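**Student:** sharing a model that was predicted from the sequence below.
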Protein chains: 2
Amino acid sequence: MRLVVIGGQAAGLSAAARARRIDRGLEILVLEKSQRISFGACGLPYYLEHRVRSLEELSVYTPEYFRRERDIAVRTGVEVAAVAHARRQVALADGEATHYDRLVVATGARVDRAGIEGVERPHVFTLHTPEDATRLRTQLDERPRRAAVIGAGYIGLETAEALRNGGVSAVTIFEATPYVLGRQDAELTRRLSEHLERHGIELRTSSRVTTIEPDRVADVPCELVVLATGVRPNVELAAEAGVELGRTGAIRASDRMETNLNGVYAAGDCAETQHLVSGRAVYLPLGTTANKMGRVAGANAAGARERFEGVTGTTILRVCGLGVAMTGLSEAQARKEGFDPVEVWIDAQDRPRYFGARPTAIHLVADRRSGRLLGGTVMGEEGVAGRINVIATALASQIRLEQFQQLDLAYSPPFAPVWDPLLVAAQQLAKLLN
Amino acid sequence: MRLVVIGGQAAGLSAAARARRIDRGLEILVLEKSQRISFGACGLPYYLEHRVRSLEELSVYTPEYFRRERDIAVRTGVEVAAVAHARRQVALADGEATHYDRLVVATGARVDRAGIEGVERPHVFTLHTPEDATRLRTQLDERPRRAAVIGAGYIGLETAEALRNGGVSAVTIFEATPYVLGRQDAELTRRLSEHLERHGIELRTSSRVTTIEPDRVADVPCELVVLATGVRPNVELAAEAGVELGRTGAIRASDRMETNLNGVYAAGDCAETQHLVSGRAVYLPLGTTANKMGRVAGANAAGARERFEGVTGTTILRVCGLGVAMTGLSEAQARKEGFDPVEVWIDAQDRPRYFGARPTAIHLVADRRSGRLLGGTVMGEEGVAGRINVIATALASQIRLEQFQQLDLAYSPPFAPVWDPLLVAAQQLAKLLN
């Protein structure tokens, strides 16, 4: 039995490693287009600001490691030209062909240039690959004074901060929608916008950029532009081979991560997944999800029977000292999904005053009809990951607000106030349910 | 309708405040034995080390606040002598009697002196009340050099650290059982013991103290002894009135917090509660639980219908820079409760190296038969509260390890590694389930 994995990043390598654990005798080949495998692209903004010194720090494993420790063959710099599923064959760009019994498609995503004109200009950068980062960091050495970032997703926000930290004195973010972070939440947008402004970053929402001029974006003069308009899944190879796509445009796979083609699995940024709150297929390309999908794809490709249940859409980022995290649905998203949502924002202190209380904001959304918790947001300097993870765990278990209010959360003065802000928010929200 | 609440601390005041919200017309009287209400005793160790400057900082509310803002009468310095339920009457120690329609018993707990001889000696202290703390802090001004702490529960551990921070050069903790923190976990005990030793605190387990000599405990010379042998519920008043006690010795109440006497509720450190994992009544006197029980008791006493589901037994403390938290059952406790437990301890890093990774240890227990998660422990410098709360939330929802492994936990380099240590531990444990 031979397993071929197309893609040697998070999903592909998780699949290969997991398949090896399930079946010691399986022949496993990973084909990676670029020169690096297991590259942690989430670290790129920190490479820009020199917190990450060299790109090598962001590669967790080498092909040699996989060969030696896992008996997995990894070939880098190899592009796949086509998949002929009838013959169970992968054709490489150099003309070579290789056989598979099982195939995992983990072809990732690429920057979505959003139809903007002028993206090919030399002062326009993206931040998706190691090469992008090298190019942009070199440019920052030229000490540009003004920069524009297009897109207020997490890459756009993290990059805006990295530019400021890298010495750029004026940074403007252009966002086509009225909202940050693709969240449809006016209050989150307002709070984050104010925070950015305090740190010298201007956020312009509802500002669709159509053209990048050599010296400016819209009326904002700038020497540097970073395109952070999101990514789109690399599905062409799979689609041409007959793999079905979902309504999101990414590859549709079962909860076993199998596509419509028998023995062909998909995982990572090229595939869609289930949203555990809405019950719908969504496209949420994130490294954590890619790893989990990859594990399940690899397990099943190797003959096990495992399921990937889906995600609650947890995202976290730190921007100018503030942690911002969200999971589940915003009020607007919940309404769109047919719920009857109520929401509350509270501002609280994250621990007693004598332990250096810091402000933290909690947002919760629940369904009026069922009392079910639907989503939440956490903003603060500390404890943000922990609190959003509690909400994510509650969402995965589909618990009701009534139960959430009584969670036995940890209390001791160095860590939290006696009523954790999560519970206070839940109590406030419960009043609106009655 | 008249509601009388015996006890003006966490449970009693939560009950009174919640009753007022439910019924604006209710007459509410709170009787408190001491001079202070809503006293945050959890802050006492930090008062010893002068982080909390004055005891006033630990009182959240005054009687005047309740009178003015909530229309709740609070009398301090009033001891209740007896409850005559047939006449619906509370008799005060000064001979006065007062009527009730509904009664909430929130009489709290007191230090358990554990039958130790010599506890009345002048160099023996407890740390349960504000007066205790004043006495002990004054004594610390005398610069004692050597101290013994009896009991390795969280009060004992926090006090040991406070003594070290307060200038005591040698602190020895005597613990009667083989374990710290009442947890029956040898690995936790070993790890914590090593940590304490590195900070100049000696932990002696399986060392039952029977006598405190004027100048030593066992063979350890000391000028100061702190008794941290735990607390026992103040149930005498209720028991004499005919209120039933549970097998733990604390007041037994329904999930509506009602005792066997119609219209008499119990909440806080005098009452037992349900453990959501074992399904059994337990006595776990903690401020957070007291507040939640109090809320439910108050709501029901005022005519609403609410339930308190119970606790997962979450505890957290910081000792000498290390956060230590636990929830649910240890392996030994799970076995005793009839489960077939498997467990795993892992040592991981709490974020990528370039964001200053710190070690964190995760312990998980699951039931082999059902695959259900049963408990966990988290130790580390940061992120401890957040991670234990995720486990507590998972336990409250009774999720299986399989589901826990796929939780959509937040990832971004400033906050966590791409595989959160919780998920790594769950993956390791899952291997033992198969």
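**Tutor:** Arrived safely, thanks for sending.

**Student:** residue of the stretch 201-350 of chain A with the smallest distance to chain B?
**Tutor:** Of all residues in the stretch 201-350 of chain A, A:Ile316 sits closest to chain B, at 3.8 Å by C-beta to the nearest C-beta. The C-beta positions use only the backbone N, C-alpha and C, and glycine is treated the same way.

**Student:** kindly report the same for the stretch 51-200 of chain A.
**Tutor:** Counting by C-beta to the nearest C-beta, the stretch 51-200 of chain A gets nearest chain B through A:Val52, at 4.9 Å.

**Student:** secondary structure class for that residue?
**Tutor:** coil (DSSP: H, G, I helix; E, B strand; the rest coil).

**Student:** list the residues that contact it.
**Tutor:** The neighbourhood of A:Val52, defined by C-beta atoms under 8 Å, 6 or more residues apart in numbering or on different chains, consists of A:Gly43, A:Tyr46, A:Leu58, B:Tyr354.

**Student:** again with A:Ala301
**Tutor:** A:Ala301 neighbours (C-beta under 8 Å, 6+ apart): A:Leu3, A:Ala15, A:Ala19, A:Arg102, A:Leu103, A:Val104, A:Gly263, A:Tyr265.

**Student:** could you find the closest non-adjacent residue to the fourth one?
**Tutor:** Just to be clear, that refers to A:Arg102. A:Ala301 (4.2 Å; C-beta to C-beta, 6 or more residues apart in numbering or on different chains).

**Student:** which parts of stretch A:53-61 are buried?
**Tutor:** A:Leu55, A:Glu57, A:Leu58, A:Ser59, A:Tyr61 (16 or more other C-beta atoms under 10 Å in any protein chain shown).

**Student:** residue boundaries of the helices in the stretch 251-400 of chain A?
**Tutor:** Using DSSP state H, counting those that start in this stretch, the helices of the stretch 251-400 of chain A run over A:287-301, A:331-336, A:384-396.

**Student:** where does the prediction get shaky in chain A?
**Tutor:** Filtered on pLDDT under 70, chain A yields no residues whatsoever.

**Student:** please name the residues that touch the residue nearest to A:Phe415 when sequence neighbours are not counted.
**Tutor:** Leaving aside its sequence neighbours, A:Phe415 sits nearest to B:Ala385 (C-beta to C-beta, 6+ apart; 4.1 Å). For B:Ala385, the contacting residues are A:Gly383, A:Gly386, A:Leu409, A:Ala410, A:Phe415, A:Ala416, B:Ile316, B:Gly323, B:Ala325, by C-beta under 8 Å, 6+ apart.

**Student:** could you dump the residues you listed to CSV with neighbour count and distance to A:Gly156?
**Tutor:** Listed next are those as CSV, based on neighbours: other C-beta atoms under 10 Å in any protein chain shown; distance: C-beta to C-beta, whole Å:
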residue, neighbour count, distance to A:Gly156
A:Gly383, 24, 25
A:Gly386, 29, 25
A:Leu409, 27, 33
A:Ala410, 27, 35
A:Phe415, 26, 33
A:Ala416, 28, 32
B:Ile316, 22, 36
B:Gly323, 23, 34
B:Ala325, 26, 36
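
**Student:** in strands, which of the residues you listed fall?
**Tutor:** Secondary structure from DSSP state E places B:Ile316, B:Gly323, B:Ala325 of the contacts of B:Ala385 in strands.

**Student:** give me the domain ranges for chain A.
**Tutor:** Domain ranges of chain A: A:2-47+A:55-108+A:232-301, A:124-227, A:322-433, per automatic domain parsing.

**Student:** export those domains to CSV and tack on distance to B:Arg400?
**Tutor:** Below are these laid out as CSV (distance: least, C-beta to C-beta, whole Å):
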stretch, distance to B:Arg400
domain A:2-47+A:55-108+A:232-301, 15
domain A:124-227, 30
domain A:322-433, 10
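
**Student:** so A:Ile116 touches A:Arg208, yeah?
**Tutor:** No - contact criterion C-beta atoms under 8 Å: A:Ile116 and A:Arg208 do not qualify, at 9.1 Å.

**Student:** so these two - more neighbours on which side?
**Tutor:** A:Ile116 (19 against 13; other C-beta atoms under 10 Å in any protein chain shown).

**Student:** so who does that one touch?
**Tutor:** A:Ile150, A:Val209, A:Thr210, A:Thr211, A:Ile212, A:Leu227, A:Thr229.

**Student:** show the buried residues in those.
**Tutor:** Using 16+ other C-beta under 10 Å, the buried members of the contacts of A:Ile116 are A:Ile150, A:Val209, A:Ile212, A:Leu227, A:Thr229.

**Student:** which residue is nearest the centroid of chain A?
**Tutor:** In chain A, the C-alpha nearest the mean C-alpha coordinate belongs to A:Leu286, at 2.9 Å (C-alpha atoms, centre = their mean).

**Student:** pretty sure that residue contacts A:Ile316?
**Tutor:** No - the criterion here is C-beta under 8 Å, and A:Leu286 misses it with A:Ile316 at 10.1 Å.

**Student:** okay, and the common contacts of the two?
**Tutor:** Joint contacts of A:Leu286 and A:Ile316 (C-beta under 8 Å, 6+ apart) are B:Tyr411.

**Student:** for A:Leu423, what are its contacts?
**Tutor:** A:Leu423 is in contact with A:Gln405, A:Leu407, A:Leu409, counting by C-beta under 8 Å, 6+ apart.

**Student:** got it, and A:Ala133?
**Tutor:** A:Leu44, A:Tyr47, A:Leu48, A:Leu55, A:Leu127 are the contacts of A:Ala133 under C-beta under 8 Å, 6+ apart.

**Student:** most widely separated two among those residues?
**Tutor:** Using C-beta to C-beta, the pair of the contacts of A:Ala133 lying farthest apart is A:Leu55 and A:Leu127, separated by 12.5 Å.

**Student:** spatially nearest residue to A:Asp23 (excluding sequence neighbours)?
**Tutor:** With C-beta to C-beta, 6+ apart, the residue lying closest to A:Asp23 is A:Ala302, at 4.3 Å.

**Student:** what about the one you found, how many residues nearby?
**Tutor:** 23.

**Student:** same question, A:Arg135
**Tutor:** 14.

**Student:** then A:Thr312?
**Tutor:** Applying other C-beta under 10 Å, we find 26 residues neighbouring A:Thr312.

**Student:** nearest residue to the residue in the stretch 251-400 of chain A that chain B sits nearest to in space, please, no chain neighbours.
**Tutor:** Residue nearest to chain B within the stretch 251-400 of chain A: A:Gly386 (1.5 Å; C-beta to the nearest C-beta). Spatial nearest neighbour of A:Gly386, chain neighbours left out: B:Gly386 (1.5 Å); criterion: C-beta to C-beta, 6+ apart.

**Student:** wouldn't the one you found be in contact with A:Asn389 here?
**Tutor:** Yes - B:Gly386 is in contact with A:Asn389 according to C-beta under 8 Å; the separation is 6.0 Å.

**Student:** identify the spatial nearest neighbour of A:Ala238, chain neighbours not counted.
**Tutor:** A:Val105 (4.9 Å).

**Student:** then A:Ser412?
**Tutor:** B:Ile316 (4.8 Å).

**Student:** partners of the one you found in the sheet?
**Tutor:** B:Ala325 (DSSP bridges).

**Student:** residue contacts, it?
**Tutor:** Applying C-beta under 8 Å, 6+ apart, the residues contacting B:Ile316 are A:Ala410, A:Tyr411, A:Ser412, A:Phe415, B:Gly323, B:Val324, B:Ala325, B:Val384, B:Ala385, B:Ile388.

**Student:** gap between it and B:Ala218?
**Tutor:** Distance of B:Ile316 to B:Ala218, given as C-beta to C-beta, to the nearest Å: 30 Å.

**Student:** A:Glu309: what's it in contact with?
**Tutor:** A:Asp255, A:Gln274, A:Leu276, A:Ala396, B:Gln403, B:Gln406.
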